[in-house]
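Enquirer: Sharing a model that was predicted from the sequence below.
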Amino acid sequence: MSDAGLVSGLDALEARVAEDLRTISYPDAAWVPERLGADGRPVLDVLVVGGGQGGLAVAHALKRARIGRVRIVDRAPEGLEGPWLTYARMPTLRSPKEVNGPDLDIPSLAFRSWFVAQHGSAAWEELNKIAKQDWAGYLLWLRRVLDISIENEVSAERIAPAPDGDLIRVDLVHAQSGIREQVLARKIVIATGIETPGNWWTPPEISALDRRFWAHASESIDFGRLRGRRVAVLGAGASAFDNAATALEAGAARVSVCCRRAELQRVQPFKWLSFPGFLGHFADLDDVWRWRFMNHLLSLREAFPKETWERVAKHRNFELLTGSPWLSCAITGDQVEIETPKGTLEADFLIVGTGFSIDLSARPELSEIAATAAIWGDRYAPPAGEENPRLNTFPYLDPTYAFQERDAGIAGWLRHVRLFTFGTTLSFGPSGSSINAMKFAVPRLVSGIVRDLMAEDVEQHWESLQAYDLPEFLLPEEDGTIAPQRAVIGRTA
């Protein structure tokens, strides 16, 4: 296809998107009454913190629900929202190419439609998995065609109850200008990605080392500096292997991946759960079943695809050391000596791919939420044999992703704050940071916001109904188009 054909293909798709959005626009009236703060300024209906794929999908659904006073902020520069062009070091998404998520079931907005419009149907059939650069480009396209404004390089520093009413106050900081502002919102959605709420975890025997000798897989790494050097990677997940592959491709002399398990996790349990019953209604199960399922799934961890294995296995200077947790690490001269059950491993640089831990208190902006919100450890005691301290710290959310009070009556404001990140996993299964569950998760979350706004404004809606007096048609004497003697209103036979 010529360049002109590619452009016209995308133009045609965007015309189709516009028509589809017009077709499903009913009802299209604004309906949420304006609310003013104590200072007389309008209050936001919803503030979305995070403009990656999750925040974008939520904003899309809010727009379709005719909720208009919405702001979306993201701390990253435009185009760098989410992991795709930063610490995601795999060449493709791990999801199948057929997955659809932020389109919310509008075919013209699906990735497939975007890709085919530019590259043709044959290229789609030949495509194995979606390149991460294409996914990032697709999300920017969605943002444009849906006319969703995201304020980049703006971060939320504090989320807390406002002193003047049933509102939430958020402190925003603009990185470029240094401007700090306080905004009031009726509802908050935290859609800040896979690492929230919590922090990337590093074992203490590594975190105590000089930072010149190690980095976490989530950080910016100058792989060019690893050329000719010995690299040791801790972890057996996809991220650990993606970082190992990147180091090998950058010319590392040797890359050793160490994992504590005796065997790699090669079965991908998350493929099993990709069906509507689980994705759409896992949250409707009782606590016993939700804990049991997620305890099993999160203990197995997520297997990486064969493309990731092939990417490292083709290098002769790659080695996999199973059953090799790092017992201790010490810097000796210009190298690190790592003690494992199988002996001493020497390396020039370490990459930590040990994932993250869920901990509300680890995020300063969530400190007031952490002080009063319920976690699973507060609400559920698993039976003997199913205990898992790692799961206790997950937030215990209501059926529409809202935080709940740890103790009744201490923090009613939490019901206005919804979480849409990996931290929702125990309550909802894969949803807040999963593409394949997004089409089920986002409508549930936004439906909860719509429900709340309706209930909170019910008196105003009642008054509006009582005052509603717009006639469907005019009587003859009212519009003057028909002479009064021709009128038949009220005539009897």
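Expert: The structure has been received and is ready for your questions. Numbers count the residues shown, from 1 in each chain.

Enquirer: In space, what's closest to residue 115 - neighbours in sequence excluded?
Expert: Leaving out its chain neighbours, the residue that sits closest to residue 115 by C-beta to C-beta, 6 or more residues apart in numbering is residue 124, at 5.8 Å. (Each C-beta comes from the backbone N, C-alpha and C, glycine too.)

Enquirer: show me what contacts the one you found?
Expert: Contacts for residue 124 were tallied using C-beta atoms under 8 Å, 6 or more residues apart in numbering; they are 97, 112, 115-116.

Enquirer: Out of these, flag the one nearest to residue 133.
Expert: Relative to residue 133, the closest of those is residue 115; by C-beta to C-beta it sits at 12.2 Å.

Enquirer: and that closest one, what helix or strand is that in?
Expert: Assigned by DSSP states H and E, residue 115 belongs to helix 111-119.

Enquirer: how about that helix: buried residues?
Expert: Buried residues in helix 111-119, counted by 16 or more other C-beta atoms under 10 Å: 111-119.

Enquirer: Tell me, please, the helix or strand in this structure that averages the lowest pLDDT.
Expert: Every helix and strand of the chain was ranked by mean pLDDT, DSSP states H and E. The lowest is helix 476-479, at a mean of 77.

Enquirer: ok now that helix, how far from the chain's centre?
Expert: Mean-position distance between helix 476-479 and its chain equals 57 Å (C-alpha atoms, centre = their mean, to the nearest Å).

Enquirer: for stretch 213-229, same thing?
Expert: The chain centre lies 26 Å from the centre of stretch 213-229; the measure is C-alpha atoms, centre = their mean.

Enquirer: what's the closest residue to residue 192 other than its chain neighbours sitting at in phi/psi?
Expert: Counting by C-beta to C-beta, 6+ apart, residue 192 lies nearest to residue 50, which is 4.1 Å off, once chain neighbours are set aside. According to degrees, to the nearest 10, the main-chain angles of residue 50 amount to phi 120, psi 120.

Enquirer: tally of neighbours for residue 50?
Expert: A count of neighbours around residue 50, defined by other C-beta atoms under 10 Å, yields 28.

Enquirer: mind listing what it touches?
Expert: With C-beta under 8 Å, 6+ apart, residue 50 has these contacts: 72-74, 81, 189-193, 420-421.

Enquirer: Can you tell me, leaving aside adjacent residues, what's nearest to residue 229?
Expert: Distances taken as C-beta to C-beta, 6+ apart put residue 348 closest to residue 229, at 4.1 Å, once the chain neighbours are dropped.

Enquirer: Quick check: that neighbour touching residue 247?
Expert: No. Using C-beta atoms under 8 Å, residue 348 is not in contact with residue 247; the gap is 10.9 Å.

Enquirer: okay, and the common contacts of these two?
Expert: Common neighbours of residue 348 and residue 247 (C-beta under 8 Å, 6+ apart) are 226, 231.

Enquirer: and these two? which has more neighbours close in?
Expert: When neighbours are counted by other C-beta under 10 Å, residue 247 comes out ahead of the other of residue 348 and residue 247, with 29 against 18.

Enquirer: right, and the helix or strand after the helix or strand hosting the more buried one?
Expert: Assigned by DSSP H and E, residue 247 belongs to helix 238-249. Moving toward the C-terminus from helix 238-249, the next helix or strand (DSSP H and E) is strand 254-258.

Enquirer: what about that next one, distance to the chain center?
Expert: Mean-position distance between strand 254-258 and its chain equals 31 Å (C-alpha atoms, centre = their mean).

Enquirer: any idea what residue 186 is structurally, helix, strand or coil?
Expert: Following DSSP: H, G, I helix; E, B strand; the rest coil, residue 186 is assigned to strand.

Enquirer: For it, which non-adjacent residue is closest in space?
Expert: Spatial nearest neighbour of residue 186, excluding adjacent residues (C-beta to C-beta, 6+ apart): residue 45 at 5.5 Å.

Enquirer: pLDDT weak spots in the stretch 201-350 of the chain?
Expert: 302 (pLDDT under 70).

Enquirer: how does it look with 90?
Expert: Within the stretch 201-350 of the chain, the ranges that satisfy pLDDT under 90 run 201, 236-238, 261-272, 274, 298-308.

Enquirer: can you pull out the helices in it?
Expert: 204-207, 238-249, 269-272, 276-281, 287-300, 306-313 (DSSP state H, counting those that start in this stretch).

Enquirer: Which residues does the third one contact?
Expert: The one in question is helix 269-272. 296-297, 300, 302-303, 430.

Enquirer: Try it again at 10 Å.
Expert: 94-96, 278, 293, 296-303, 429-430, 434, 436-437 (C-beta atoms under 10 Å, 6 or more residues apart in numbering).

Enquirer: ChimeraX command for the buried members of those residues?
Expert: Entered in ChimeraX, the line below selects the buried ones among these, by 16+ other C-beta under 10 Å:
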select :94,95,278,293,297,298,301,302,303,429,430,434,436,437
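
Enquirer: Contacts for the strand or helix carrying residue 19, please.
Expert: Here residue 19 is covered by helix 3-23, with elements defined by DSSP H and E. Here helix 3-23 makes contact (C-beta under 10 Å, 6+ apart) with 1-2, 28, 63-64, 103, 106-109, 113-114, 116-120, 141-142, 144-147.
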